[in-house]
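Undergrad: Need coordinates for the following:
(one chain, ligands or ions: 2)
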Amino acid sequence: MDAEQNKGSTNPLKALERFGQSPWLDFIQRSYTADGSLRKLVDEDGLKGVTSNPAIFEKAMGYGTDYDAQMKELLARETLSAGELYEKLAVTDIQDATKVLHPVYVATKGVDGYVSLEVSPYLAFDTEGTIHEALRLWKEVDRENLMIKIPGTREGAPAVQAAIAEGVNVNVTLLFSLDAYKAVLEAYMAGLETRHAKGEDISKIASVASFFVSRIDGKIDGEIDARVAAGDKDAAALKALRGKVAIANAKLAYQHYLDVMKTERWAKLKAAGARPQRLLWASTGTKDKAFSDVLYVEELIGPETVNTIPPATFDAFRDHGTPRESLTEDVAGARHVIDEQARLGLDLGAVTEKLVVEGCAAFVDAFDKLLGAVAAKQKAILGDKLIAQEARLPGELKAAVEAAIEDWRKEGKLRRLWARDASVWTGNGEAKWLDWLDVVEDRLAHIAELENFSREVKERGFTDVLLLGMGGSSLGPEVLAETFGRQPGFPRLRVLDSTDPQEIATFEKAINLKTTLFVVSSKSGATLEPNILKAHFRVAAEKALGHAPDGHFVTVTDPGSQMEEVARKCSFWKIFHGLGGIGGRFSVLSNFGMVPAAAAGIDLRKLLGSALYAVKESAASVPPAENAALQLGVILGVAAKTFGRDKVTFVTSPAIRDLGAWLEQLLAESTGKRGRGLIPIDDETLGGPGVYGKDRVFAYVRLKGAEDAAQEAAIEALRAAGEPVVTITLTDTYQVAQAFFHWEFATAVAGSILEIDPFDQPDVEASKVETRKLTAAFNETGSLPPEAPFAKDGVFSFYADDANAKAVGDGDAVSILKAHFHRAKAGDYVALLAYIERDKTSRSWIQALRLKLRDALHVATAAEFGPRFLHSTGQAYKGGPASGVFLQVTADDAADLPVPDEKFTFGIVKAAQARGDFDVLSERGRRALRVHISGPLEAGLKALSEAIGKAV
Ligand SMILES: O=C(CO)[C@@H](O)[C@H](O)[C@H](O)[C@H](O)COP(=O)(O)O
Ligand SMILES: O=C[C@H](O)COP(=O)(O)O
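TA: Residues are numbered from 1 along each chain as shown. Ligands and ions are numbered 1, 2, ... in the order given. Presented below is the predicted three-dimensional model:
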């Protein structure tokens, strides 16, 4: 419809066209577009455009069921984050609206007919981010009558220029001050000039500058009212300005527009086909009931302008608006108003500065709310495809956790974490250790290589896969081996992470050396254990096969490591690479976990597919209040830091029991440093609430349908007693992969709260150094440096540094053990560190003993086997809170095993590891005692249990 036709129209909205103003609608809603309401406004009211913003989408998507069908359809096809899902919904809405407005675009030859979509409000102060997002959205929506909204902040202006130069239609939003508007008009022209200079067409580019109106009066009038109420001497002059400043400000902006349009610079651009960047009046709903409900429409009508009108104001103007060319009326009066506000100290400059900041923050809040609503709906739709988390926390802890979650939201810390900003932690080297954040997508993208390997392993008929590695290289694969068991047609996966000669012999007996595939796993490639285990099994396999076992070995190691070199020299079958930017304990979803999983025939697509849900659930776009992994990290961090609840007690359903061993490493090695951290307590059979102190958080990871009744009942009792309990429910075993990522993310968050670097392990390195010194000494002298017990009693010899020896006295075994364990006070923990074969018998021995200690001393207990724990909880024992009381148990080896090409044996290595570990514990001033058992192990362990029983 053109202006001629509108002459004489009785619809005030339609009449705006006669004055050169285009009415746009400041509203979008799927049902409104779908049911023809939007089209009706175009047809009957002369509507010429649509604007959206985060607050508008929040209202549209945050409530009701308009979007449910598309959400379901999208989520059935793809795994998406809340942000990705929102964007797909928004893009559909915008595309649908552009279709309705397209006839206007055609009829007005591209002057009108636009629909605006705003870039993420999180980017309001990020020029590069905004440019990237503007270009991405422009492509994604792919409609000629689209406008991308960019905030007119200081950082936004250069992004406007860049987007215009790239040929994007831009709606510059959040403009309040004349200066900001001037900068934006300048950016628009500069962008056009750049494009023109490149020889590209500028005649199709459209832009509007959204100048916010009513919010200015809201602030200024509020200040006026306060001053008048306080009896200001200028009350009359102040009152005269009520409801005037915003319009005056807008009128002056328009004058600037007219001035620029007269310049030679603009004339040149115009000659090249450029369209003017029209002023668009936004925030034009009347908030103050004292004013006309169409005030900010009636007073701002003028040629080459737009007013984006909220629905209620749109209806009101249709009903009783009186259009006239008001914008150019009494410009002198407008100048006077602006001068007056300055004279009276209302400080429009400061007000507009504040409004920009508040406007950005309000859009962030709205976007958080919107994404929260999308995330909640998404959770409901995906149901048990996702692991579920429920936290029952005592009041004070709950309040502190909620406050910390709000702090994460307000400070945008989650986005900073995903942006790999090391200042989320200590600002050290954390940024380079975050590749685990996208390793799931990376492995999915390269899944063919892993699947081929899986197929080949099957075809070659291996019966066993033996993984040789420690800590980060072994504990994840061990969870997979124990959780999934043997897959039909595939070899059985076993994981060996010990230097105990007996344990090595047991593994060797269990496998068929001729048909075993060995996976030597070491990120650094330099760790002693996998190197000597590899040496041992190469000799053993060669003997069994009668030829070099080349095709029977593969390695997973970081590119360029010493292990890679060895693997090449020894013609290993395959070399798989880890990623330099992932530390061992965060590596299970990289090749360190996926290669053994592939060899064992575990369905990798299902495994990684499940993990991907956790990645998307923890994404930067999922606001903290809906971000379960973040919440878990906050709970653990706050409970430890503020409430002394630093013993994270894992309870796992029997079928996923081994997850606890992996979790121990993740939490302890990541957080146990600088005298702080989380002390994981794994596999400590639950007792009644009375056996626990006030230092625990219980993390119950249960497998639905395979719950252990006793665990369920005990957890229920703990909940009822007000203990903090976080329950994480998995609905199938493949969700362990989801749990892996979930806990990795939570650990990184907990590390931030504890203000440590979760990605280093200084004290693990320290005991590696001590061990190396001892094995080197052995190589030189043929024996380990001499050591003397400070006390002996029967089969027991006791060792300690001077301070510890003094503290426990030199009486008999019972008195020494009594004195040692009774050093544990409320809030401490006791750890048994046994350097013996880890088998069924020793595991039940240590389990019974720890429970005895827990119940007698009312402290948390850890039951660990060396050297395995050295690469795991060992970090926290040495570097974490000084609350541990340690009993190291060593014993004579019934038989030893040589290490090929070395003077030392496996028994010597194990002894050196125990001593290295003990030396570092002592150096750190920990309460540590070592008992060495001579003679037959079984009898010695029994005697030790009895002595401890008497002692406590
Ligand atoms: O910026 C544009 C259009 O370009 C608008 O969508 C703009 O965001 C809205 O008019 C305002 O946010 C509404 O402001 P208010 O009525 O809440 O003060
Ligand atoms: O947790 C990591 C262990 O210390 C083993 O390290 P690695 O994978 O470099 O051999």
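Undergrad: Tell me, how many residues neighbour the closest residue to residue 839 other than its chain neighbours?
TA: Closest residue to residue 839 apart from its sequence neighbours, by Cβ to Cβ, 6 or more residues apart in numbering: residue 506 at 6.8 Å. Backbone N, C-alpha and C define where each C-beta goes, glycine included. Applying other Cβ atoms under 10 Å, we find 15 residues neighbouring residue 506.
Undergrad: right, and residue 506 touches residue 837 too?
TA: Yes - using Cβ atoms under 8 Å, residue 506 is in contact with residue 837, at 6.8 Å.
Undergrad: residue contacts, the residue nearest to residue 753 when sequence neighbours are not counted?
TA: Nearest non-adjacent residue to residue 753, counting by Cβ to Cβ, 6+ apart: residue 637, 2.8 Å away. By Cβ atoms under 8 Å, 6 or more residues apart in numbering, the contact set of residue 637 is 404, 749, 750, 751, 752, 753, 754.
Undergrad: Enumerate every residue touching the fourth one.
TA: What it means is residue 751. 425, 633, 637, 670, 671, 757, 758, 759.
Undergrad: quick revisit: which residues in the helix or strand the residue nearest to residue 753 falls within does the neighbour count mark as buried?
TA: Using DSSP states H and E, residue 637 maps to helix 628-643. By neighbour count with 16 or more other Cβ atoms under 10 Å, helix 628-643 contains the buried residues 628-641, 643.
Undergrad: Next secondary structure element downstream of that helix?
TA: With DSSP H and E, the next secondary element past helix 628-643 is strand 647-652.
Undergrad: ok now that next one, how far from the chain's centre?
TA: Relative to its chain's centre, strand 647-652 lies at 22 Å (Cα atoms, centre = their mean, to the nearest Å).
Undergrad: do you know how far the closest residue to ligand 2 within the chain is from ligand 1?
TA: Per Cβ to the nearest ligand atom, residue 471 is where the chain lies closest to ligand 2, at 2.5 Å. Distance, residue 471 to ligand 1, using Cβ to the nearest ligand atom, to the nearest Å: 52 Å.
Undergrad: before we move on, what about residue 808?
TA: Residue 808 sits 71 Å away from ligand 1, taking Cβ to the nearest ligand atom as the criterion.
Undergrad: what's the closest non-adjacent residue to that residue?
TA: Nearest one to residue 808, counting by Cβ to Cβ, 6+ apart, is residue 819 at 4.2 Å.
Undergrad: got the contact list for the one you found?
TA: Residue 819 touches 807, 808, 809, counting by Cβ under 8 Å, 6+ apart.
Undergrad: So which of these are in helices?
TA: Among the contacts of residue 819, the members found in helices (DSSP state H) are 807, 808.
Undergrad: Neighbour count and pLDDT for the contacts of residue 819 - can I get that in CSV?
TA: Output for the contacts of residue 819, formatted as CSV (neighbours: other Cβ atoms under 10 Å; pLDDT from 0 to 100):
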residue, neighbour count, pLDDT
807, 14, 98
808, 22, 98
809, 14, 97
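Undergrad: For the stretch 651-800 of the chain, which residues are neighbours of ligand 2?
TA: By Cβ under 6 Å from any ligand atom, the residues of the stretch 651-800 of the chain that approach ligand 2 are residue 764.
Undergrad: can you give me the helices for the stretch 651-800 of the chain?
TA: Here the stretch 651-800 of the chain has its helices, by DSSP state H, counting those that start in this stretch, at 659-671, 709-720, 736-753, 762-781.
Undergrad: And the longest one, what does it pack against?
TA: To tie it back to what came earlier, the one meant is helix 762-781. helix 528-545, helix 874-879, helix 906-923 (3 or more Cβ pairs under 8 Å, 6 or more residues apart in numbering; DSSP states H and E).
Undergrad: by how many degrees do the first one and helix 906-923 diverge?
TA: Put plainly, it is helix 528-545. Relative orientation of helix 528-545 and helix 906-923, computed by axes from the mean of the first three to the mean of the last three Cα atoms, to 10 degrees: 170 degrees.
Undergrad: rewinding a little: tell me which of the helices and strands packed on helix 762-781 lies nearest to residue 87.
TA: Between residue 87 and the helices and strands packed on helix 762-781, the shortest gap by Cβ to Cβ is with helix 874-879, which sits at 40.7 Å.
Undergrad: So what touches that closest one?
TA: Contacts of helix 874-879 (Cβ under 8 Å, 6+ apart): 667-669, 671-675, 677-680, 761-764, 766-767, 831, 833, 884, 886, 917, 920-921, 924, 926.
Undergrad: Check the secondary structure at residue 930 for me.
TA: At residue 930 the chain is in strand, as set by DSSP: H, G, I helix; E, B strand; the rest coil.
Undergrad: Would you mind listing the residues in contact with the most centrally placed residue in the chain?
TA: Ranked by distance to the mean C-alpha position of the chain (Cα atoms, centre = their mean), the top residue is residue 618 at 4.7 Å. Counting by Cβ under 8 Å, 6+ apart, residue 618 touches 627, 628, 629, 630, 741, 742, 745.
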